[in-house]
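**Q** got a predicted structure here, sequence first:
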Amino acid sequence: ETTKQKKQTSIDIITTSYPSNITMTNRLLSTTTRLLSRRLLPHGRHHRTNHFSTTTTATTNDASSSKNENIFSKITFIGTGKMSQAMLSPLISQNLQTPSSITAYDVSDAALSKVETLYPGVQTATSIPEAIHNSNLIVYGVKPQNVEMVHSEIRRAKLESQGNNNEDDENEGGCVVRDDAILLSVVAGIPISNYLLGTSLTRIARSMPNTPAQIGAGITVWSCTPTTIDAHDRKRINTVLNSFGKTVFVEDENFIDMSTSISGSGPAYVFLLMEAMVDAGVHMGFSRETATTLVHHTLLGSTKFAMETGEHPAVLRNSVTSPAGTTASAIYELENGKFRTVIKDAIWACYRRSLEMGGQCSQVGPNRQTTPTMTTSSAVPGGMSGIDNGGGSGSGSGSHHPVEPPMGEMGVQSSFGNKVL
């Protein structure tokens, strides 16, 4: 016991006399433990956090933020809804764009006041010409039915800008629409050709994000005019879109309408499934809170598991399904109720509606109409109407996809770099 007391006394003396040494030792041990734990993790688990590009994007942006360089000299948001704010927030928080270089316009004064409160330093404008003055990135964040109104305002502003330039005027207080301005749309269904005709601008990028972008976990499919937007500008646009998730660039714009039906509207399908599962749990006797927790983590874990393993969904489903078991009984009911068919029909219906909103032929896919129908779209300049003859050159072929399929490759931008699908 005497020996133990002496040892304890020695430890107390060292601890009291050399607190800084103890602190340094603890730090070294902590660092060593972290390094060892990383090396002991399996390769797949070590990279688990990289599935979401937000973490990697933030790291990359830290380096660029030290330079205090904006991606664009001025970014204008026309419309300040959820998608615009999903884009605006990470631009500021990740130091990609200074607040003073961002201008927002909305028809609602309350919406503009909210932007000023949430994002101090962001400029607001009372008109579209004022908002786009000297802007080299103009973001369309309005509803599809309001696109034509914005078009007309931009056309008017551009004509005034050209008139002032012709008069060689200083144009103090006037509007200048830059010739190199890029128009970036997050509006569903409206094709690039509509923006080219409606605004007289020549540099157009069209994108389809989804609502998880609001928490930095979105997926955005986008395309642009190939001859007027070069590789450097594509990189800048991609940096903006990649700030709130992952991006997929497509050469062929037709892929955007298709992606609208999968990733754009897809969260709604998942939420509907989520709602049904929660309601079933409550019906069984769980509290709504408990049922919601079970469903949330089931969907989250299943998605992460599928991403980690890279296995085909059928393989993963079979691994859960035992012969004559509980899961087999549930799958039988889903298959008997044509669960797959309903999901696929819903996706096709969404795709067709996206085409209709852009004034395009929507007679594609299974269950399409075979008789000519009259279509009217407010997205077409002047609200033009036309006869939809059931698929154009492809009608009558018996194909489930009478339109010509998109050509080219899709480049995926993520935390793993560029990939080709």
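**A** Sure, I can see it.
**Q** going forward, measure contacts between C-alpha atoms and count neighbours the same way
**A** Noted.
**Q** for the helix or strand hosting residue 148, list the C-alpha coordinates in CSV.
**A** Secondary structure from DSSP states H and E places residue 148 in helix 147-166. Provided in CSV are the C-alpha atoms of helix 147-166 (Å, rounded to 0.1, in the frame of the first residue of the first chain):
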residue,chain,number,x,y,z
VAL,A,147,-42.4,33.0,-67.3
GLU,A,148,-43.9,35.0,-70.2
MET,A,149,-44.3,38.1,-67.9
VAL,A,150,-40.6,37.9,-67.0
HIS,A,151,-39.7,37.4,-70.7
SER,A,152,-41.5,40.6,-71.6
GLU,A,153,-39.7,42.6,-68.9
ILE,A,154,-36.3,41.4,-69.9
ARG,A,155,-37.0,42.2,-73.6
ARG,A,156,-38.1,45.7,-72.6
ALA,A,157,-35.1,46.2,-70.5
LYS,A,158,-32.8,45.0,-73.3
LEU,A,159,-34.4,47.3,-75.8
GLU,A,160,-33.9,50.2,-73.4
SER,A,161,-30.3,49.2,-72.8
GLN,A,162,-29.6,49.0,-76.5
GLY,A,163,-31.2,52.4,-77.0
ASN,A,164,-29.1,54.0,-74.3
ASN,A,165,-26.0,52.5,-75.8
ASN,A,166,-26.8,53.8,-79.2
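**Q** I'd like the next helix or strand past it.
**A** strand 182-185.
**Q** show me what that next one is packed against.
**A** With contacts taken as 3 or more CA pairs under 8 Å, 6 or more residues apart in numbering; DSSP states H and E, strand 182-185 sits against strand 137-140, strand 204-208.
**Q** so in that sheet, which strands flank the longest one, and in what orientation?
**A** Within its sheet, and counting by DSSP bridges, strand 204-208 is paired with strand 182-185 (parallel), strand 218-224 (antiparallel).
**Q** the helix holding residue 148 packs against which elements?
**A** Looks like helix 147-166 contacts helix 128-132, helix 192-199 (3+ CA pairs under 8 Å, 6+ apart).
**Q** please repeat the previous calculation with a cut-off of 6 Å.
**A** Packing partners of helix 147-166 (3 or more CA pairs under 6 Å, 6 or more residues apart in numbering; DSSP states H and E): helix 192-199.
**Q** what's the helix it packs on in contact with?
**A** Outside helix 192-199, the residues that touch it by CA atoms under 6 Å, 6 or more residues apart in numbering are 151, 154-155.
**Q** tilt between it and helix 147-166?
**A** 50 degrees (axes from the mean of the first three to the mean of the last three CA atoms, to 10 degrees).
**Q** CA atoms only for helix 192-199, dumped as CSV, please.
**A** Extracted in CSV, the C-alpha atoms of helix 192-199 (Å, rounded to 0.1, in the frame of the first residue of the first chain):
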residue,chain,number,x,y,z
ILE,A,192,-34.3,26.4,-73.8
SER,A,193,-35.8,27.5,-77.1
ASN,A,194,-38.5,29.3,-75.1
TYR,A,195,-36.0,31.4,-73.4
LEU,A,196,-34.0,32.1,-76.6
LEU,A,197,-37.2,33.4,-78.3
GLY,A,198,-38.7,35.1,-75.3
THR,A,199,-35.8,37.1,-74.0
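**Q** give the buried residues for that helix.
**A** Of all the residues in helix 192-199, those buried under the rule 16 or more other CA atoms under 10 Å are 192, 194-196, 198-199.
**Q** over to the closest residue to residue 99 other than its chain neighbours: give its phi and psi.
**A** Closest residue in space to residue 99, ignoring its immediate chain neighbours: residue 122 at 4.6 Å, by CA to CA, 6 or more residues apart in numbering. Note on residue 122: its backbone torsions stand at phi -70, psi 130 [degrees, to the nearest 10].
**Q** most tightly surrounded among the helices and strands packed on strand 182-185?
**A** Stretch with highest mean neighbour count among the helices and strands packed on strand 182-185: strand 204-208 (a mean of 25; mean count of other CA atoms under 10 Å).
**Q** residues in contact with that one: which ones?
**A** With CA under 6 Å, 6+ apart, strand 204-208 has contacts from 182-186, 220-225.
**Q** out of the residues you listed, which are buried?
**A** For the contacts of strand 204-208, buried by 16+ other CA under 10 Å: 182-186, 220-225.
**Q** helices of the stretch 301-421 of the chain, start to end?
**A** Secondary structure of the stretch 301-421 of the chain (DSSP state H, counting those that start in this stretch): helices at 313-320, 326-336, 339-357.
**Q** out of the ones you listed, flag the one nearest residue 268.
**A** Residue 268 lies closest to helix 339-357 among the helices of the stretch 301-421 of the chain, at 11.1 Å (CA to CA).
**Q** list the buried residues in that closest one.
**A** Neighbour-count burial for helix 339-357 flags 346-357 (criterion: 16+ other CA under 10 Å).
**Q** then stretch 271-278?
**A** Buried residues in stretch 271-278 (16+ other CA under 10 Å): 274, 277-278.
**Q** export the residues you listed to a markdown table and tack on pLDDT, distance to residue 265 and secondary structure?
**A** Shown next, in a markdown table, are the buried residues of stretch 271-278 (pLDDT from 0 to 100; distance: CA to CA, whole Å; DSSP: H, G, I helix; E, B strand; the rest coil):
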| residue | pLDDT | distance to residue 265 | secondary structure |
| --- | --- | --- | --- |
| 274 | 98 | 15 | helix |
| 277 | 98 | 19 | helix |
| 278 | 98 | 21 | helix |
